[in-house]
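In: Show me the folded form of this:
(chains A and B)
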Amino acid sequence: MSKSDIPKIALVGNPNSGKSSLFNHLTGLNQKIGNFPGVTVDKKTGYCKLDDHTKAEIVDLPGTYSIYPNSTDEKIVYDILGNKADPLHPDIVVVIVDASNFKRNLLLFTQIHDLNIPCILVLNMMDIVEKTGLAIDAHKLSAELGVPVIPMKARKGQGIDVLKKALLENLEQDFRPIFNAHDLAPEAIDAVKETFSVNDDYVAYQMLQQYRINSSLTENEKNLIADIAEKHQFNRDDLRRKETLERYAAINHFIDGAVKETFAQLPKRWTQKLDRVFTHKIWGYLIFLSILFLIFQSIFAWATVPMDFIDLTFSELSIFLKSQLPEGALTGLLTEGIIPGIGGIVIFIPQIAILFAFISILEETGYMSRVVFLMDKIMRKFGLNGKSVVPLISGVACAIPAIMATRTIENWKERLITIFVTPLMSCSARLPVYTILIALIIPEKTIGGVFNLQGLALMGMYLLGFVAAIVSALIMKLILKTRERSFLVMELPTYKMPRWKNVGLTMYEKSKTFVFEAGKIILAISIVLWVLASYGPGDKLERAEEIVAQTYSQENLTQEQLENKVESFKLENSYAGIFGKAIEPAIKPLGYDWKIGIALITSFAAREVFVGTMATIYSIGNVEDESTIKSRMRNEINPETGKKRYDFATGLSLLVFYAFAMQCMSTMAIVYRETKGWKWPMLQLGYMTALAYICALVIYQTLS
Amino acid sequence: MNLRSVADLTPGESGIINGFMDDTLSLKLLEMGCLPGQPIKFNFAAPLGDPICVSVAGYNLSLRLDEAITISIQ
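Out: Predicted coordinates:
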């Protein structure tokens, strides 16, 4: 087989059917997350060795209940499966169903089957099926459906080998549709088949049903279909209703032959009991709050140890290299630009990993949908949707996947508001900024024996972001008008133990994506910053020693004091210093100096650059000093007052500024893509910057 | 025939789905397995009374009250 002949296999299934477990089993660490062309939904692809000679490309499609999408996320399934010319159109579709909830799960299978793509049906969760006394005869079902049917326990990895073998076999099935679309709309279907040279009735029927949202059709083609539909009175909704009923009738027929149902509802007992607690009037909310609290405490308590270690390692590496390498511009770039830059990326990993571990556990267990259930009514008051809770919580990790997660919200206004306010949630990129500033202005004390004061301050920052998001949502609710209805028809899955392998993979994948995606920007900015901070216009920098020596010739300075003066003179007259000084008048009322100004400028692209910038600014020419970034900032003196630069007022004002300001190019790019225009990202930028500036101003002026 | 909807059920009570009062919503509900003739059981409501959790087709589904009211039962 040549390389281009690698078979493409798509995984399709309902949400909660165990699709991601199967995907992880098939691909292991051999997977990557990208974007579907044109949209920003996570596209997970990976490679799987079916046997010693054959490799297959596995594409994980978003979970959906039906080929008729309700959200932009689900639309991808139809885009790829309904269009044979799509580059991602698979050779084989593996439809995975939750066999313990057989009927509803089979609906999607029958739809995909009728598109005439070779299918394999995987019956997952057979362990639960066995426990409930249900008996499914896979052979019989396979004979009735005309496709291979493979029982599986994906959580335990059972059945994977059988699936691999089935994927290798020749899947030339003799095709007969389960739902006969042609009977319902013969003229319209024949007309589409002829005009677009389509072979299959159901493909033509789907084009008639969904041409409006079909991204592979040109405007002209859409008009053609619209004409056909009108001419032959193709009543979309009516036909779709008939189709669903006919499909369920067919499913019942299959089940009659192959499934022995005992009407016991055994496995839900645990779920019932847990729901009584998790959705309880008081306990429900208390537990939710405690989980949030646990997340923040653990991020602060657990992540700081490896973070301090990383911080120290990188500063020592710089010192070591500086002492070993010959002096020169290249050494300077390496020890003062690149290494602190990489350190500024790596330092995030512990926090990102912990955050994503929690989020993935909450989703894996099924608890996340209870949060949606608990919060829906409250969120609706603020113009949001229960489902907005997931993006808002994910926003604590990173606004980018969070904004992508808003795709599950069907209502456009609610989705737009969620997108607009999510960046106000404190993301993990703010964490290092918070961590370092809180450590500088809040004493490390324990109150009441358990609560770490710094941890509480951190939680306060997150609460602040949340309140800002909620209040902004309320304002937007009053401004935006819509007549579109909002839905919350959502499955409440049974509670399950998290699959630790999936949690581990999520942590690994998200950290990797962060290091390589965000890392590129951070590293690039660090290098640019180093250049800007090391060079300046004219010859002032070369003549720095001379100028400083002249200026202070009257005073009796020690060699060390003189060197420090030289270094700060150099920074002040570098390009970075000039930029910082240029914006100093604007930020002085907030309590910032030009050095912080440099950090604000570089943070515009990505706020996580703050710590790296601080590291670069304070380490220029200063690497021999063994202290870490934190202690360097602590020792920084405000020359005007002679007191500490990072006192309470400045620190708090800076904290609030970073909490509210839109300092993330990637978020703006995602919002641009999701809202299909610059209007919303620009409004967001303006709104958040103004909010940040005003709040920081009020705080500094009140406190100082 | 008295017109009752899922929203009229009390916790623990079941009914048989009769039909739908909302065309757009019915498409979605049908695909989610809410079929006429199927039993539907009101499990419990969220702490603030809305949304509610119902059992249908062997699984749990959450619905807002204004969605539940569109499913008529007998």
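
In: can we go C-alpha only for contacts and neighbour counts from here?
Out: Fine.

In: Tell me which residues are up against stretch A:555-563.
Out: Contacts to stretch A:555-563, defined as CA atoms under 8 Å, 6 or more residues apart in numbering or on different chains, come from residues A:548-549.

In: And that stretch, what's buried?
Out: A:E563 (16 or more other CA atoms under 10 Å in any protein chain shown).

In: How about stretch A:477-494?
Out: So for stretch A:477-494, counting by 16+ other CA under 10 Å, buried means A:477, A:486-494.

In: Repeat that for stretch A:446-454.
Out: For stretch A:446-454, using 16+ other CA under 10 Å, the buried residues are A:452-454.

In: pLDDT, secondary structure and distance to A:V503 added to the buried residues of stretch A:477-494, as JSON lines?
Out: Below are the buried residues of stretch A:477-494 laid out as JSON lines (pLDDT from 0 to 100; DSSP: H, G, I helix; E, B strand; the rest coil; distance: CA to CA, whole Å):
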{"residue": "A:K477", "pLDDT": "90", "secondary structure": "helix", "distance to A:V503": "36"}
{"residue": "A:S486", "pLDDT": "78", "secondary structure": "coil", "distance to A:V503": "32"}
{"residue": "A:F487", "pLDDT": "79", "secondary structure": "coil", "distance to A:V503": "30"}
{"residue": "A:L488", "pLDDT": "85", "secondary structure": "coil", "distance to A:V503": "27"}
{"residue": "A:V489", "pLDDT": "87", "secondary structure": "coil", "distance to A:V503": "27"}
{"residue": "A:M490", "pLDDT": "88", "secondary structure": "strand", "distance to A:V503": "23"}
{"residue": "A:E491", "pLDDT": "89", "secondary structure": "strand", "distance to A:V503": "22"}
{"residue": "A:L492", "pLDDT": "89", "secondary structure": "strand", "distance to A:V503": "20"}
{"residue": "A:P493", "pLDDT": "88", "secondary structure": "coil", "distance to A:V503": "18"}
{"residue": "A:T494", "pLDDT": "86", "secondary structure": "coil", "distance to A:V503": "18"}
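
In: Following the chain onward from the worst-scoring helix or strand of chain A on mean pLDDT, which element is next?
Out: None of the helices or strands of chain A scores lower by mean pLDDT, DSSP states H and E than strand A:31-35, at a mean of 63. Reading on from strand A:31-35 to the C-terminus, the next helix or strand found by DSSP states H and E is strand A:42-49.

In: Which is the succeeding secondary structure element to that next one?
Out: strand A:55-60.

In: residues in contact with whatever residue of the stretch 51-200 of chain A ends up closest to chain B?
Out: Closest contact between the stretch 51-200 of chain A and chain B, by CA to the nearest CA, is at A:R104 (5.4 Å). For A:R104, the contacting residues are A:65, B:31-33, B:57, by CA under 8 Å, 6+ apart.

In: before we move on, what about A:E444?
Out: Per CA under 8 Å, 6+ apart, neighbours of A:E444: A:452-454.

In: Tell me which of the residues you listed fall in helices.
Out: A:453-454 (DSSP state H).

In: Save the contacts of A:E444 as TSV, and put in pLDDT too.
Out: TSV is the format used below for those (pLDDT from 0 to 100):
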residue	pLDDT
A:N452	81
A:L453	85
A:Q454	85
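
In: Looking at the contacts of A:E444, which is nearest A:R673?
Out: Using CA to CA, A:Q454 is the member of these that lies nearest A:R673, at 37.5 Å.

In: hmm, back to that, what separation is there between the residue of the stretch 51-200 of chain A closest to chain B and A:V12?
Out: Distance, A:R104 to A:V12, using CA to CA, to the nearest Å: 14 Å.

In: One more: A:L480?
Out: Counting by CA to CA - A:L480 and A:V12 are separated by 36 Å.

In: Can you classify the residue in the stretch 151-300 of chain A positioned nearest to chain B by secondary structure?
Out: Closest residue of the stretch 151-300 of chain A to chain B, CA to the nearest CA: A:K281 (4.6 Å). Put simply, A:K281 is coil when judged by DSSP: H, G, I helix; E, B strand; the rest coil.

In: residues contacting it?
Out: Counted by CA under 8 Å, 6+ apart, A:K281 has contacts B:46-48.

In: hmm, try it at 6 Å
Out: B:P47 (CA atoms under 6 Å, 6 or more residues apart in numbering or on different chains).

In: I'd like to know how far it sits from A:R104.
Out: For A:K281, the distance to A:R104 - CA to CA - is 31 Å.

In: just to revisit the earlier point, go through the contacts of A:R104 and name the one nearest A:T132.
Out: Out of the contacts of A:R104, the member with the shortest distance to A:T132 (by CA to CA) is B:A57, at 15.1 Å.

In: Toward the C-terminus, what is the element adjacent to the strand or helix carrying A:D161?
Out: Element membership for A:D161, per DSSP H and E: helix A:160-168. Next along the chain after helix A:160-168, taking DSSP H and E as the criterion, comes helix A:181-184.

In: Could you give the number of residues near A:Y205?
Out: Other residues near A:Y205 number 25, with proximity taken as other CA atoms under 10 Å in any protein chain shown.

In: hmm, whatever helix or strand it lives in touching chain B?
Out: A:Y205 belongs to helix A:201-210 when assigned by DSSP H and E. No. Helix A:201-210 stays clear of chain B (CA under 6 Å from any CA of the partner chain), getting no nearer than 12.9 Å.

In: Could you identify the helix or strand that succeeds that helix?
Out: helix A:219-231.

In: Report the buried residues of that following helix.
Out: Neighbour-count burial for helix A:219-231 [16+ other CA under 10 Å]: A:222, A:224-226, A:228-229.

In: Can you lay out these as a markdown table showing distance to A:I694 and pLDDT?
Out: Formatted as a markdown table, the buried residues of helix A:219-231 follow (distance: CA to CA, whole Å; pLDDT from 0 to 100):
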| residue | distance to A:I694 | pLDDT |
| --- | --- | --- |
| A:K222 | 50 | 91 |
| A:L224 | 55 | 91 |
| A:I225 | 54 | 92 |
| A:A226 | 52 | 92 |
| A:I228 | 58 | 92 |
| A:A229 | 56 | 91 |
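
In: Tell me the one among these nearest to A:L50.
Out: Among the buried residues of helix A:219-231, and counting by CA to CA, the member closest to A:L50 is A:K222, at 40.2 Å.

In: Nearest residue to that closest one in space, please, no chain neighbours.
Out: A:Y211 (6.0 Å; CA to CA, 6 or more residues apart in numbering or on different chains).
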